[in-house]
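>>> Give me a model of this one.
(chains A and B)
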Amino acid sequence: MLSINFKAIAKIIGVLLCIEAIFMLFPLFTSIYYRETDIFPFLFSCLITAAIGVSLFLSTYKSNDRSGKREGFMAVTLSWISISLMGALPFIFNGDVDNFTDAFFESMSGFSTTGMSILKDIDGSCHGILLWRSLSQWLGGMGIILFSLAILPTLNSGSGLNLFSAEMTGVTHEKLGPRISETAKKLWGLYLFFTILLFILLVVGPMDTFDAICTAMTTYSAGGFSTKQASIAYWNSAYIDYIITFFMLLSGINFALIYRSVFRNPKYLFQNEELKYYIYSAIIGTIIIALYLTFSYSETVNYEWSFRTALFTVVSGLTTTGYSIVDFCDWGAFFFFFICLCMLCGACAGSTSGGAKMIRTIILMKNTSAEFFRQIHPNAIRPIRVNNSTVSHEIVSKALAFFVFYVLIILISCIALSILGLNIEESIGLAISSISNCGFGVGGENPDAIFTTLPQIGKWIVLFNMLVGRLEIFTVIILFSPYFWKK
Amino acid sequence: MKIVIAGAGEVGTHLAKMLSKEKQDIILLDTKVEKLQWIDANYNLMTVVGDPSSFSALKRAEAGKADLFIAVTPTDDKNITACMLASKLGAQKTVARIDNYEYMLPENRAFFKDMGVDELIYPEMLAAEEILNALKITWARKWFSLCNGKLILVSTKIRENSSIANSKLWDLTKEHNFYHVSAIKRKDDIIIPRGSDEILINDIVYFTTTPEHLNDIRDITGKRDITVDSIIILGGSRIAIQLARILPDSISMKIIEQDYEKSLKLAERLPDAYIVHGDARETDLLIEEGIKNIDAFIALSDNSETNILSCLTAKKLGVKTKTIAEVENLQFISTAESLDIGSIINKKIIAASKIYQLLIDTDISDARCLATTDAEVVEVIAKEDAKITKGKIKELDIPKGLTLGGLVRDGVGQIINGDTQIKANDRVLIVCVNDILHKVEKLFG
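Numbering: from 1, shown residues only, chains lettered A, B, ... in the order given. Presented below is the predicted three-dimensional model:
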């Protein structure tokens, strides 16, 4: 009989729920400050989360910490599910949504940094709720498990490493220090620093403090929840648009790379191939969309506007943030496919963005080209090189397997969504948008209405996609594979 | 503590794994990515790809900030160069693994110190010393002389003829008080025993005792003492050469080497030894060379499987007292032990535990690994006002997985039991499981 150390998993979940309960205090204080209706909902949510967390932790406190790869995968998946479940409580208690599915959807959309919102009246929501949505994205962006690795010495062992690899995005996981806690501390420190920097830059512009805090958190986590129904378009300010574009772009860069470039040697930044392709994609995408907009809507737009819109939208799609400053639903099929492609590729591995990640796309492209070469020269040795070093066969095959699953899940969810009555554009858009954690509402007449009109089963499909997308497929899907359960 | 290990070979990876479990900051440096990938993904440490003898790689591995720099690549010149560079960059202490007897000579030590190599490790030499040790007390599986020879930790397998088999420890302590059962190895588990534990047949028991009572331990375990005066060695490996060098004249040795060229070289290097060219797995050859009259059979070939199997063959053919096998695959060790091979030698564990001694705080002067990597023996000096000095052992809350074997007070070794009161400045011998070592510091600090 296979023995999975469930107690060790329960312990980790317990610890994480305690941390979540502490973070729930922030919206609680906010609601007390604004004297709104969500004081008690947050108080109850916080108490329930803390009670469950503490009891899970205490009941397993003395058990041994033996945990391997299996426990790592399972712990990460289950923690994300339980954190999202607890995160849904405030929405239910405050009456923002009328059923459990919607609340869980909103919460998962937050933690997975997708940013699809089911709330009908965002402008009229309580401040506490708005802060909680932003905070959940901020925690989910860098990863709440990584956060706990940074602050808790108990997880700082071999088992912590398994959690780290199961949660972090990317093909290989670069460490910044010998201890896993050191890496986690540096990454979170950087994350916090840039979020604060963004907040300051936003508050200098035409944004009030509360909105700036929330927007800073959701921008740098590549989340995409906004405190306004109209999203970033509400402020209608070029300054804010450019600042947010820049920070979205920054959030799509590998954090470990930023750290090494800033603290060790800036030349790392210029040597990195993934970053190069990422920036090129953003530039080329912007040019294409800007030209498209200029020629298609030449009577209504000016050049600066079309450049800014194109840049903002492409970067928002590429980093899978999902902010929009215009309603692009009627921009036609070309734009639809283009933005889907952006979401699919995503930004750099090891960043807060979703999607398949640029590095996998590069490996895939190079492998395909090498395959063509091998057709003509069957005996030639042609290794795939990224960043001037050879990529091993295991990594190539990992990337291939990832893409196969990625496309498979998109196809299956497209079919499932179309059975539920969505049209082609809606189902493709929704499937890609959810698995890449982007949150664009593409395809429909009204970009955001699509989430609210979705049938219950459809919401669960999207919800599953969001979780699978955030944890990069294998961590979740492996639980359904026979290898996981067989000895 | 920040430790940089250059060379992800067998010793390097073993050390890195062990130390990363000990919550040290480990950076592992090697030229080959393939060697590092797996350990990087599975252990809590950082790996750096680069040549240990290049400045840029050492800088990337932050060797300058290291408290300890360990060079264990296969070649000694690279190790020495790496240590020199690292100490120039600012490493506090450097250790190089070498394979040259000359370097170990006391008159050359100052020279290496000047160059920036603080310590030299010679695993083959250490292994040879360990074999020699094993030959001195043949009935023991393993024995260590600890606390400057005032205490001895000795392990042996309990058979039916032992008077202490099937008895509980608290009954035994009533009968005798000259020993302390510090650990029991039962199948693959190491048990740090408490009073309620029982000694079963086929357990390997570790006793702490004083040198004068060593023979009493032999009596209660039903063993006989035989002095070894002839040995056969399988394989003319580097350990065999070192062993030949330090073996006393009273013991005669034969080396069986399969490779003809190598046998000629051996004969040239070791004029006093008797070299046989042939395959030691052949029973005829062993019988011809008089295996029945040989006291000990020592298998030191490069192949662990060959070593284990030939030891079994030698046992069957009637080698008189002892078989010793070099087993380099860590996974095989417990299997080999259960097959009743007298002693197991593992270069990796020997080298790693020697290096381990260097990095443990100055208070803990001696640390060794037991038969496997599961348990450790540590010597600690109790500080003034340490928690451990606050009462008798039985009154204190000693953590599970840790036991106090004996102590040396004013130069006299004594065995610890429940009524012992530890005083400041006592040198205490502790046996504990790996992951509990940090608690030792709390108790004695």
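>>> which residues does the residue lying closest to B:L85 once chain neighbours are set aside contact?
Once flanking residues are discounted, B:L85 sits nearest to B:L58: 5.6 Å by C-beta to C-beta, 6 or more residues apart in numbering or on different chains. From N, CA and C alone the C-beta is placed, and that goes for glycine too. Counting by C-beta atoms under 8 Å, 6 or more residues apart in numbering or on different chains, B:L58 makes contact with B:4, B:29, B:50, B:52, B:64, B:82, B:85-86, B:89.
>>> Doesn't B:L58 lie inside a helix?
Yes - secondary structure assignment places B:L58 in a helix (DSSP: H, G, I helix; E, B strand; the rest coil).
>>> Would you mind measuring from it to B:A66?
Here B:L58 is placed at a distance of 9 Å from B:A66 (C-beta to C-beta, to the nearest Å).
>>> Now for those two: what residues contact both?
Between them, B:L58 and B:A66 share the neighbouring residues B:4, B:86, with contact defined by C-beta under 8 Å, 6+ apart.
>>> Which secondary structure state is assigned to the residue lying closest to B:V276 once chain neighbours are set aside?
Closest residue to B:V276 in three dimensions, ignoring its sequence neighbours and counting by C-beta to C-beta, 6+ apart: B:I256, at 4.7 Å. Secondary structure for B:I256, judged by three-state DSSP, is strand.
>>> ok, now how distant is the residue nearest the centre of chain B from B:A240?
By C-alpha atoms, centre = their mean, the mean C-alpha position of chain B lies nearest to B:I350, the distance being 4.0 Å. In this structure, B:I350 and B:A240 are 15 Å apart, going by C-beta to C-beta.
>>> One more: A:G346?
Going from A:G346 to B:A240 by C-beta to C-beta gives 59 Å.
>>> Tell me the buried residues in the helix or strand of chain A with the lowest mean pLDDT?
Within chain A, judged by mean pLDDT, DSSP states H and E, the helix or strand with the poorest mean is helix A:449-453; its value is a mean of 72. Of the residues in helix A:449-453, those scored as buried under the neighbour-count criterion (16 or more other C-beta atoms under 10 Å in any protein chain shown) are A:450-452.
>>> between those residues, which is nearest chain B?
Comparing the buried residues of helix A:449-453 against chain B with C-beta to the nearest C-beta places A:F451 closest, at 37.9 Å.
>>> what about the closest one, distance to A:S306?
For A:F451, the distance to A:S306 - C-beta to C-beta - is 28 Å.
>>> Which helix or strand contains A:L257?
A:L257 belongs to helix A:255-263 when assigned by DSSP states H and E.
>>> So that helix, near chain B or not?
No - with C-beta under 8 Å from any C-beta of the partner chain as the measure, helix A:255-263 is seen stopping short of chain B, the closest distance being 10.1 Å.
>>> residues in contact with that helix?
A:142, A:174-176, A:183, A:186-187, A:190-191, A:250, A:267-269, A:272, A:275, A:348, A:350-352.
>>> Restrict these to the buried ones and give me that as a PyMOL selection.
To isolate the buried members of the contacts of helix A:255-263 in PyMOL, using 16+ other C-beta under 10 Å:
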select buried, chain A and resi 142+174+175+176+183+186+187+190+191+250+268+272+275+348+350+351+352
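>>> Please go through the contacts of helix A:255-263 and note which also touch chain B.
Near chain B, by the rule C-beta under 8 Å from any C-beta, you find A:175-176 out of the contacts of helix A:255-263.
>>> where does the stretch 351-487 of chain A dip in pLDDT?
Within the stretch 351-487 of chain A, the stretches with pLDDT under 70 are A:442-449, A:487.
>>> So which bits of chain B are right by chain A?
So chain B meets chain A at B:2, B:20-21, B:23, B:25-27, B:33-34, B:37, B:40-47 (C-beta under 8 Å from any C-beta).
>>> Which members of those are positioned in strands?
For the residues of chain B next to chain A, the ones inside strands are B:2, B:25-27, B:46-47, with DSSP state E as the criterion.
>>> Out of those, which comes closest to A:I381?
B:T47 (25.9 Å; C-beta to C-beta).
>>> what's the neighbour count on the closest one?
One way to gauge burial is a neighbour count; for B:T47, by other C-beta atoms under 10 Å in any protein chain shown, it gives 24.
>>> From A:A282, how far out is it?
32 Å.
>>> same check, this time on B:I298
Using C-beta to C-beta, we find B:I298 at a distance of 68 Å from A:A282.
>>> And these two? Which one has more around it.
In terms of neighbours (other C-beta under 10 Å), B:I298 is the more surrounded of B:I298 and A:A282; the figures are 30 against 22.
>>> mind checking the SS state of the more buried one?
Local secondary structure at B:I298 is given as strand here, using three-state DSSP.
>>> Hmm, it is touching B:S237, no?
No - applying C-beta atoms under 8 Å as the test, B:I298 and B:S237 come out as separate, 10.5 Å apart.
>>> low-confidence ranges in chain B?
Within chain B, the set of residues satisfying pLDDT under 70 comprises B:357, B:359-374, B:434-438, B:445.
>>> Not counting its neighbours along the chain, what's nearest B:M115?
Counting by C-beta to C-beta, 6+ apart, the residue nearest B:M115 is B:M84, at 5.3 Å.
>>> Mind telling me what element that neighbour is part of?
With DSSP H and E as the test, B:M84 turns up in helix B:76-89.
>>> how about that helix as PDB, C-alpha atoms only?
Below are the C-alpha coordinates for helix B:76-89, written out as PDB (Å, rounded to 0.1, in the frame of the first residue of the first chain):
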ATOM      1  CA  ASP B  76      44.600  16.400  -6.100                       C
ATOM      2  CA  ASP B  77      46.300  19.100  -8.000                       C
ATOM      3  CA  LYS B  78      42.900  20.600  -8.800                       C
ATOM      4  CA  ASN B  79      41.800  20.400  -5.200                       C
ATOM      5  CA  ILE B  80      45.000  22.100  -4.000                       C
ATOM      6  CA  THR B  81      44.700  24.800  -6.600                       C
ATOM      7  CA  ALA B  82      41.000  25.300  -5.800                       C
ATOM      8  CA  CYS B  83      41.800  25.600  -2.100                       C
ATOM      9  CA  MET B  84      44.600  28.100  -2.700                       C
ATOM     10  CA  LEU B  85      42.300  30.300  -4.800                       C
ATOM     11  CA  ALA B  86      39.500  30.100  -2.400                       C
ATOM     12  CA  SER B  87      41.600  31.100   0.600                       C
ATOM     13  CA  LYS B  88      43.000  34.000  -1.400                       C
ATOM     14  CA  LEU B  89      39.400  35.000  -2.100                       C
END
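>>> In chain A, what residue lies closest to chain B?
Closest approach of chain A to chain B (C-beta to the nearest C-beta) occurs at A:P178, with a separation of 3.9 Å.
>>> Verify the stated contact: that residue with B:L19.
No - because the distance of 9.9 Å does not satisfy C-beta under 8 Å, A:P178 is recorded as not touching B:L19.
>>> any common contacting residues for those two?
In contact with both A:P178 and B:L19: B:I26, using C-beta under 8 Å, 6+ apart.
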